[in-house]
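Trainee: generate a structure from the sequence data that follows.
(one chain, ligands or ions: 2)
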Amino acid sequence: MTGFTSDEMMTIAAARALKNDDVCFVGIGAPSAACNVARLTHAPDITLIYESGTIGTAPEVLPLSIGDGELCETAVTTVSVPEMFRYWLQGGRISVGFLGAAQLDRFGNINTTVIGDYHQPKVRLPGGGGAPEIASSCGEIFITMKQSKRGLVDKIDFFTSFGHGEGGHARERLGLRTKGPTLLITDLAIWKPDPETKEFTVTSLHPGVTREAVQETCGWQVRFAAGLTETPAPTALELDTLRALKARTAAAHGGQEVA
Ligand SMILES: CC(=O)SCCNC(=O)CCNC(=O)[C@H](O)C(C)(C)COP(=O)(O)OP(=O)(O)OC[C@H]1O[C@@H](n2cnc3c(N)ncnc32)[C@H](O)[C@@H]1OP(=O)(O)O
Ligand SMILES: O=C(O)/C=C/CC(=O)O
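Mentor: Ligands and ions are numbered 1, 2, ... in the order given. Next up is the predicted model:
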């Protein structure tokens, strides 16, 4: 890729997935940058919600956590966390949840809890937080993460947030009425679940990315859609917006990087 990094392409492709009329529950980390680039470009009226209860938030800089005062100060309103979960999220009032993952399988099941054995972990990750409820209650789920063999795995070490289980109609069998993961945006490609099996399938390669590169950074045998396309490169507006947001954030946090 020239003129932009693969991380920038990922964030911008993720931002494009959001619509102006979405009500989006923003996961902390990589999704937060994408959601705010969407708000600052093509989706100025999007309602961004963070788990701390902040509704319609418009942060000038990316929050360090869901408890960052920036979210509350720029929100239309802030409700209690129980209200956020019980009334807004579980009440079906949120169209899309945007989550990150440390490990992901081909059916969109997410692990953010532990690598290795739960009782003797190799790596202790941040945990589920609200992500399991987000994954079951938002209308649909978008996921964004960088590709690697340790991240995109055949079997996740721990089921933190349910995607499509073992595939097919697993969600319906559990009584889940929401769509679950409908989109995965990585630093190399855009993936969508097969309508029947629900296995993530590559539908678009980012500029300059090969099928081999996608396979080499994925722990399962990758399927490519028949009508595979190329993701449009970032526009100058998208890149400028993302870079300015990152620069403002770094300045506000004394140079500290926020994903
Ligand atoms: C509303 C809500 O958001 S609820 C909150 C629930 N939590 C989340 O959703 C978190 C989602 N994000 C994740 O899971 C991310 O992968 C995180 C937070 C674990 C790491 O994110 P980043 O800091 O961007 O990741 P990075 O890839 O640099 O990894 C940092 C460290 O985490 C560990 N790690 C992350 N992923 C893995 C993995 N798949 N296998 C082993 N170790 C891992 C490693 O120790 C790694 O350090 P290393 O690269 O030096 O080995
Ligand atoms: O507890 C949670 O669900 C999320 C926590 C993320 C954060 O503290 O920013």
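Trainee: what's the nearest residue to the residue of the stretch 101-250 of the chain found nearest ligand 1 if we skip its chain neighbours?
Mentor: When scored by C-beta to the nearest ligand atom, the stretch 101-250 of the chain has Gly129 as its residue closest to ligand 1, at 3.1 Å. All C-beta spots, glycine's among them, are computed from the backbone N, C-alpha and C. Of all residues not flanking Gly129 in the chain, Glu51 sits nearest, at 7.0 Å (C-beta to C-beta, 6 or more residues apart in numbering).
Trainee: surely that neighbour meets Val81?
Mentor: Yes - checked against C-beta atoms under 8 Å, the pair Glu51 and Val81 is within contact range at 7.1 Å.
Trainee: which one of these two is surrounded by more residues?
Mentor: Set Glu51 next to Val81 and count neighbours by other C-beta atoms under 10 Å: Glu51 wins out with 22 against 12.
Trainee: what's the burial count for the residue in the stretch 101-250 of the chain that ligand 2 sits nearest to?
Mentor: Checking the stretch 101-250 of the chain residue by residue against ligand 2 with C-beta to the nearest ligand atom singles out Gly129 as nearest, at 2.0 Å. Using other C-beta under 10 Å, Gly129 has 15 other residues around it.
Trainee: with adjacent residues omitted, what lies nearest to Asp117?
Mentor: Excluding its sequence neighbours, the residue lying closest to Asp117 (C-beta to C-beta, 6+ apart) is Asp157, at 7.9 Å.
Trainee: what about that neighbour, distance to Arg124?
Mentor: Using C-beta to C-beta, to the nearest Å, we find Asp157 at a distance of 11 Å from Arg124.
Trainee: which one's more surrounded, the two?
Mentor: Counting neighbours by other C-beta under 10 Å for Asp157 and for Arg124 shows that Asp157 has the greater number, 19 against 11.
Trainee: list the contacts for the more buried one?
Mentor: Asp157 makes contacts with Gln103, Asn111, Val114, Ile115, Gly116, Asp117, as judged by C-beta atoms under 8 Å, 6 or more residues apart in numbering.
Trainee: quick check, the third one in contact with Pro121.
Mentor: Pointing back at Val114 there. Yes - in terms of C-beta under 8 Å, Val114 counts as a neighbour of Pro121; the distance is 4.4 Å.
Trainee: Thr203: which element?
Mentor: Secondary structure assignment for Thr203, by DSSP states H and E: strand 200-205.
Trainee: who does the following helix or strand past that strand touch, helix- and strand-wise?
Mentor: As assigned by DSSP H and E, the chain's next helix or strand after strand 200-205 is helix 211-216. Of the remaining helices and strands, those touching helix 211-216 by 3 or more C-beta pairs under 8 Å, 6 or more residues apart in numbering; DSSP states H and E are strand 200-205.
Trainee: check the offset of the strand it packs on from the chain's centre.
Mentor: 16 Å (C-alpha atoms, centre = their mean, to the nearest Å).
Trainee: quick one: terminal-to-terminal distance for stretch 199-215?
Mentor: 15 Å (C-alpha to C-alpha, to the nearest Å).
Trainee: related to what we said a few turns ago, any idea how far Ile66 is from the residue of the stretch 101-250 of the chain closest to ligand 2?
Mentor: Using C-beta to C-beta, which is the criterion applied here, Gly129 is 8 Å from Ile66.
Trainee: now do Ala213
Mentor: From Ala213 across to Ile66, the span is 34 Å (C-beta to C-beta).
Trainee: same question for Phe107.
Mentor: Applying C-beta to C-beta, one obtains 27 Å for the distance of Phe107 from Ile66.
Trainee: what does the average pLDDT come to for the helix of greatest length in the chain?
Mentor: Scanning the chain for the longest helix, with DSSP state H as the assignment, gives helix 236-252. This predicted structure assigns helix 236-252 an average pLDDT of 97.
Trainee: can you check stretch 168-180 too?
Mentor: If you average the pLDDT over stretch 168-180, you get 97.
Trainee: end-to-end on that stretch?
Mentor: Stretch 168-180 has an end-to-end distance of 12 Å (C-alpha to C-alpha).
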